[in-house]
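A.B. asks: how does the following fold in three dimensions:
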Amino acid sequence: MAGKKDVYRVVLCASRRTDLVRWYPEVIIKALEARYPPARVHSIVLLTKFPAAILAEPLRSMLARYDQCTAQVTITGWGGTEIEPAVPPAEKSLAVLPELLRFLGHPGRLKVRIDPLLRLADGRDNLAAAAAIMIAAAGHGVREFVTSIVTPYPKIFPRLAAAGLALAPWSPEERQEIVAGLSNLAARLGVHLAGCCLPELPRSACIDGFALQATHPRRLPCRTDHPPGQRAECGCTHSIDLGWYASHPCLSGCLYCYANPVRWAGGRGPRSVTR
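C.D. replies: Coordinates of the predicted model:
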């Protein structure tokens with residue numbers, strides 16, 4: 001007899017491992033056509049720094065066939081800089097949010113992720129940008145926000161050094177001030193702010209089975225168990241990810257990425273995959 005988990009429709013993620021929406025939309029389309037017809041799928045969760053790519057054809061028409069699509073759009077304020085060389089600037093992504101909300105059909109189906117927050121040794125940070133992004137997105141109707149402070153994975157240090165950059169970590173006291181400031185801003189705006197593996201804030205989830213059930217147009221159930229292999233601090237529930245690090249290397253070039261992004265050479269385009 002099949003277990004209860006086997007009877008649920010699947011939750012698809014595209015993707016926590018790479019920006020499939022922007023760089024590999026054909027991978028999403030082919031997977032949906034070949035393996036995941038609408039009758040098998042509870043929700044499709046899209047994670048991207050390129051919200052306009054969700055609305056581009058033919059991906060948009062394919063997604064429209066499914067009961068529920070949700071999106072988590074990352075806007076950090078570093079877009080278009082040497083930190084995120086191929087990512088659009090914040091104002092360009094923010095301008096797409098009203099149309100994206102209309103396409104998704106429910107305000108609870110969109111999160112804006114202002115992540116990561118980081119400070120460079122040259123004094124630059126994205127704290128002011130984070131506040132401005134939250135204000136602008138809230139003005140467009142976004143009610144769910146996520147943030148985190150950059151994790152200093154060993155592999156990011158040589159990437160930053162190659163660009164003549166270095167991190168300047170915040171002290172515990174500074175972290176508390178940062179989180180308190182953004183939390184107070186969220187309260188004034190009447191929005192919800194969570195943290196990705198950030199203990200100072202309520203725990204977030206890129207894949208939130210409970211929220212997906214609540215916003216599903218037919219209130220269908222889905223799996224809400226914590227998948228094996230995830231960090232204990234991670235609030236994500238079970239999903240099937242359509243992307244993979246090695247076969248779908250991200251072309252956005254973000255220097256702080258924990259994966260294996262393609263290195264951008266002076267704005268001239270992708271040069272090689274960094275490990």
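
A.B. asks: show me the shaky parts of the chain.
C.D. replies: Per-residue confidence for the chain (pLDDT under 70) gives these ranges: 1-6, 232, 260-275.

A.B. asks: where do the helices sit along it?
C.D. replies: Assignment of helices within the chain using DSSP state H yields the ranges 4-7, 20-23, 25-34, 51-54, 59-63, 90-104, 127-139, 156-162, 172-189, 209-215.

A.B. asks: and the second one, which residues are buried?
C.D. replies: When neighbours are counted by 16 or more other CB atoms under 10 Å, the buried residues of helix 20-23 are found to be 20, 21, 22, 23. Where C-beta positions appear, they are placed from N, C-alpha and C, glycine not excepted.

A.B. asks: also the fifth one?
C.D. replies: Neighbour-count burial for helix 59-63, counted by 16+ other CB under 10 Å, picks out 59, 62, 63.

A.B. asks: over to stretch 8-15?
C.D. replies: Of the residues in stretch 8-15, 8, 9, 10, 11, 12, 13, 14, 15 count as buried by neighbour count, 16+ other CB under 10 Å.

A.B. asks: what sits up against that stretch?
C.D. replies: Stretch 8-15 is touched from outside by 20-21, 27-28, 31-32, 36, 39-47, 206-207, 209, 212, 220-223, 237-243, 248, with contacts defined as CB atoms under 8 Å, 6 or more residues apart in numbering.

A.B. asks: buried ones from these, can you make that a ChimeraX selection?
C.D. replies: Here is the ChimeraX command that selects the buried residues among these (16+ other CB under 10 Å):
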select :20,21,27,28,31,32,36,41,42,43,44,45,46,47,206,207,209,212,222,223,237,238,239,241,242,243,248
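
A.B. asks: among the contacts of stretch 8-15, name the ones in strands.
C.D. replies: With strands identified by DSSP state E, the entries of these that belong to them are 41, 42, 43, 44, 45, 46, 47, 240, 241.

A.B. asks: reformat those residues as TSV; add distance to residue 178.
C.D. replies: Conversion of the ones in strands among the contacts of stretch 8-15 to TSV gives the following (distance: CB to CB, whole Å):
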residue	distance to residue 178
41	38
42	36
43	32
44	33
45	27
46	28
47	24
240	35
241	30
